[in-house]
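Novice: Need a 3D model of the following:
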Amino acid sequence: MGALDKLDAFCRPVSDFWCGSNNSLAEFGCNHDVDLSLCFEDTAVLYGICALFWLMVAMELICSPYPRPRIRHNWLNITRMLLTVVVMATAVCDLGYTIHQGTQAHGHPADFQYLSPIILIFSMVLAAIFIQRNRREGVVSSAVIFLFWTALALYGAIKLRTLLLTAKNNEDGFKFEDVFRFSTFCVQYAAILVQFLLAFLPEPHITGHYRLGVEPDRKPCPEETATFLSRITWWWISGFIWRGWRQPLEYSDLTDLNQYDKSRVIAPEFQHNWDKEIKKAGITFDRLRVHEQEYQPVNLSETHGVQMLTPVERARGGSQQPKEPSLFRVLVKSFGVSFMGAAVFRVVQILLTFASPQILKLMIQYTESHVEGETNDDWKGYFYAVLIFLTAVFQSILLHVYFHRVFRVGMHIRAAIIAAVYKKALRLSNRARQNSTVGEIVNLMSVDAQRLNDLVTYLHSIWAAPFQIVLALIFLWFSMGPSIFAGFAIMVLLIPINIVVAAMNRKYQVRQMVQKDSRIKLVSEVLNGIKVIKLYAWEIPFQRQIMGIRNNELKVLKASAYLNAATAFTWTCAPFLVSLATFATFVLVHRNSDRPEDQLTADKAFVALALFNILRYPLSMLPYLISLLVESSVSVKRLKDYLKSDELDPAIVQWRPEPATEYEDAISVIGGKFTWDSPARPTLSDLNLHVRPGQLVAVVGHVGAGKSSLVQALLGEMDKLAGSITLRGQVAYVPQQAWILNATVKDNILF
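Specialist: Numbers count the residues shown, from 1 in each chain. Here you go, the predicted structure:
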């Protein structure tokens, strides 16, 4: 018994699975008509919809969105729940009726009439739970619910047409064979249609309910309250575009960011994961708080040549080096789920991309057979045309949704990196500041963070490009045969060229970043000391130094640009060379053959050209992606080295938030010993200081006596070797270097 016979036995006595046992699954329709059997609709179509719904619910639960305020019970979600219960009740009635039929002597219900209501009942229970979950999570419009009811509405329309045609073709006139099931289906389909219409409406909300976290003078982002259909068509932004067309946009026209796009939401999660990675690697930022005598040099002759461990090494468990933390692993933990969620849209979009040439092939074959008079199925031509149109529409929607998601993930990574670098700059120790200049820190926040943002946009091409190439070659094999290996050989020959280019490009990127850091460092020094430079007329010498570094940087950029241009030209020509080699080989190999399958017909040529056109994008993306990977690997290493730099110990100063009483010290330093760099050379020693509330204290001394160091030690900016510091209340600090805003005197005082 074949698979089709088993399916027919599962569907009888109601109908066959596919219109009759003499029809194969490869032929769509029965007797050149476009009808489907009732069993096929209630099994293959319904089960497929329910299975996809279960899968999407699971994915939605895994990729849980940023929690929003809970939505209160309202007429919309109550109506949705009631209609879901109605659909569930009709399925229960169908199941009960089937069981009742099975107990009767003359009743022989089909097996699918037992299983289909059970699956529908389970799906409705899951839909009811999911609707309540969305209400609790504050989801205004759910994509899963919208697609589920849309699919059920289409399924119901197909089934209604089948039931009406069956009743029309009845020998006794227009009559339904099973009035009870038709009645329950009508009630069920009416509820599904109402659910489908309600899916276009967003959940009603109170304006203040969704303004949590929104800036007082900003309008909330309309995407927060947009429906699913509005989001995938970007209709929610049309008002902003229309306003910009009528008048120039101003800052007040901009809306606030979504809550899950703000750095105060993104940065803490990334920082938490990075701190865990640092702790896992065994790196600590504790200051060296040991006595000076413990840092005296060790005489190896007294230890018989045996290397003695310092106190710091003993605290770290010997001379074993700490593990290297992975910034890539932290990025995956922080943004991996959102990033991988976009892969689903990319996979479906790629499959739809390769479906278009196959539909084109069917349309060409239909056109040829129709012209020759071999077929009169006009509906197939309309069906193929509509299918190509829908494939292009859904392909465009999925591609833009994919790019929207990866652009958002890239923006999140950039915001998290900038926040982490800025926060690290405020906590760097003095030794670490000597290795990280202001120019380097600015480069990390601007250049390196932006490179990671650019990489994330196209990072899925690592697997998507080979996947597309493999699929294209498979389809080309079925169309052109072994001739495709001629084109494939050209692509293989380009791989070692790419490897060499990537290695050279990486060297250029490292050299470019070194030159850029030097240039920005020197420019920052010039800007900081511009007054002295102007007084001594040193503009020309410094200009020559800056231009010399810039010229070296331009040489590296020019070499890298030539390399990228040559690579881009090679990969741009690759699709043409591949198609030329394939067609030429096919014609030469089969030039003496008279078999129809060896002829270069229209369907083979056009389908092959369509597949070669699909190959153009992944082949052109590979060199660009390799260049991005090389640049980003350099940026990741630079960011990692900076983020694992040594930090100030917050425990140096004991902060007491409550103000000091008249019997307590506002500032207390007992036995303090502090240093700027080496523990063996303390800057301040045997420091004892007690300041009561209300006292005015002036520290007087000559240049280099340690006045500024004392203030920095009280603020926790120096390494503490011994003693204790206690501060009570709040501290206001006015540095020696003036810092003012580019604003009025009033704004500088009241900022």
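Novice: Please make it C-alpha for all contacts and neighbour counts, starting now.
Specialist: Fine.
Novice: Which elements pack onto the lengthiest helix in the chain?
Specialist: Assignment by DSSP state H gives helix 539-589 as the longest helix of the chain. In terms of contacts (3 or more CA pairs under 8 Å, 6 or more residues apart in numbering; DSSP states H and E), helix 539-589 is packed against helix 484-528, helix 602-643.
Novice: Next SSE downstream of the longest one?
Specialist: For helix 484-528, the following helix or strand on the C-terminal side (DSSP states H and E) is helix 530-535.
Novice: distance between that following helix and the chain's centre?
Specialist: On the basis of CA atoms, centre = their mean, to the nearest Å, helix 530-535 sits 48 Å off its chain's mean C-alpha point.
Novice: buried ones in that helix?
Specialist: residue 533 (16 or more other CA atoms under 10 Å).
Novice: who's in contact with that helix?
Specialist: 526, 539 (CA atoms under 8 Å, 6 or more residues apart in numbering).
Novice: now could you export just the CA positions of it as PDB?
Specialist: Provided in PDB are the C-alpha atoms of helix 530-535 (Å, rounded to 0.1, in the frame of the first residue of the first chain):
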ATOM      1  CA  ILE A 530      46.600  76.000  21.200                       C
ATOM      2  CA  LYS A 531      47.200  79.100  23.300                       C
ATOM      3  CA  VAL A 532      50.900  78.300  23.900                       C
ATOM      4  CA  ILE A 533      51.300  77.300  20.200                       C
ATOM      5  CA  LYS A 534      49.900  80.600  19.100                       C
ATOM      6  CA  LEU A 535      52.100  82.600  21.500                       C
END
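Novice: Need the per-residue pLDDT for residue 493.
Specialist: On pLDDT, residue 493 comes in at 79.
Novice: what do you get for residue 299?
Specialist: 38.
Novice: Ok, residue 345 next?
Specialist: pLDDT at residue 345 comes out at 90.
Novice: counting contacts, what elements does the helix or strand containing it pack onto?
Specialist: Residue 345 belongs to helix 327-371 when assigned by DSSP H and E. Judged by 3+ CA pairs under 8 Å, 6+ apart, the packing partners of helix 327-371 are helix 263-280, helix 378-425, helix 461-480, helix 602-643.
Novice: if we can go back for a sec, tell me the gap between the longest helix of the chain and the middle of its chain.
Specialist: Per CA atoms, centre = their mean, the centroid offset for helix 539-589 relative to its chain is 30 Å.
Novice: ok, now stretch 267-274?
Specialist: Worked out by CA atoms, centre = their mean, stretch 267-274 lies 17 Å from the chain centre.
Novice: Going forward, the N-terminal residue is numbered 124.
Specialist: New numbering, starting at 124: the last item is stretch 390-397.
Novice: Now do the buried residues in it.
Specialist: Buried, per 16+ other CA under 10 Å, within stretch 390-397: 390, 392, 393, 394, 396, 397.
Novice: average model confidence for stretch 823-837?
Specialist: Computed over stretch 823-837, the average pLDDT equals 86.
Novice: what about that stretch, how long is it end to end?
Specialist: Distance between the two ends of stretch 823-837: 16 Å, counting by CA to CA, to the nearest Å.
Novice: Contacts made by it with the rest, please.
Specialist: Here stretch 823-837 has contacts from 776, 797, 806, 807, 822, 841, 842, 843, 848, using CA under 8 Å, 6+ apart.
Novice: now do stretch 544-554
Specialist: 564, 567-568, 765-766, 768-771, 799-800, 840-841.
Novice: Confirm residue 826 sits in a helix?
Specialist: No. Using DSSP: H, G, I helix; E, B strand; the rest coil, the secondary structure at residue 826 is coil, not a helix.
Novice: and it, what are its phi and psi?
Specialist: phi -60, psi 130 (degrees, to the nearest 10).
Novice: I'd like to know how many residues surround it.
Specialist: 8 (other CA atoms under 10 Å).
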